[in-house]
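> Using only what follows, build the 3D model:
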Amino acid sequence: MKTLTLAAGLAFGLIGGVATPAFASDPVMGIWQTQVDDGAYAHVKVAPCADQICGHITRTFKDSGEYKSPNIGLKLVWDMVSSGSGKYKGGKIYQPSTEKTFNSKMALSGDVLKVSGCVGPICKKQTWARVK
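Numbering: from 1, shown residues only. Purely as a prediction, here's the structure:
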């Protein structure tokens, strides 16, 4: 019985009392650099949050170098789920420069992440590069 309990705990990622989503090693996880938007760009940490994928701004930059934007810590991506083959859907993405939230999807190819989203008839897209 103890072996069965241990096996179940490993299967569900519950050993140590911490739930670990099966996608914790998903290739999209890591730090990504956004494209320049309104004169600035950011590093976004993509990580699991509950049973979905989220991204938070960890660093911000302008032409003059790194600066402390009030957007640091801001959740930029949320509710994203993998649909297989490097595709992600069902998420939201926030654009700080316009203060708009877009219905979003992502496509991963190696160290390139294509992020796109729409709000009504307005659609935007960016290509992010993996930092690490």
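
> does M29 really touch C54, like I thought?
No: in this structure, M29 is not within contact of C54 by CB atoms under 8 Å, at 10.5 Å. In this view, the C-beta of every residue, glycine as well, is placed from N, C-alpha and C.

> Now do the shared contacts for the two.
V46, A47, P48 (CB atoms under 8 Å, 6 or more residues apart in numbering).

> quick revisit: comparing M29 and C54, which residue is more hemmed in?
Neighbours per residue (other CB atoms under 10 Å) separate M29 from C54, with C54 holding more: 19 against 15.

> so what pLDDT did S25 get?
pLDDT, S25: 71.

> what's the burial count for it?
Neighbour tally, S25, other CB under 10 Å: 9.

> Could you do A40 as well?
16.

> Does it touch K62 like I think?
Yes: if you go by CB under 8 Å, A40 and K62 touch, sitting 5.1 Å apart.

> Now neighbour count and distance to M80 too, for the shared contacts of M29 and C54, in JSON lines please.
Listed next are these as JSON lines, based on neighbours: other CB atoms under 10 Å; distance: CB to CB, whole Å:
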{"residue": "V46", "neighbour count": "24", "distance to M80": "8"}
{"residue": "A47", "neighbour count": "16", "distance to M80": "11"}
{"residue": "P48", "neighbour count": "17", "distance to M80": "10"}
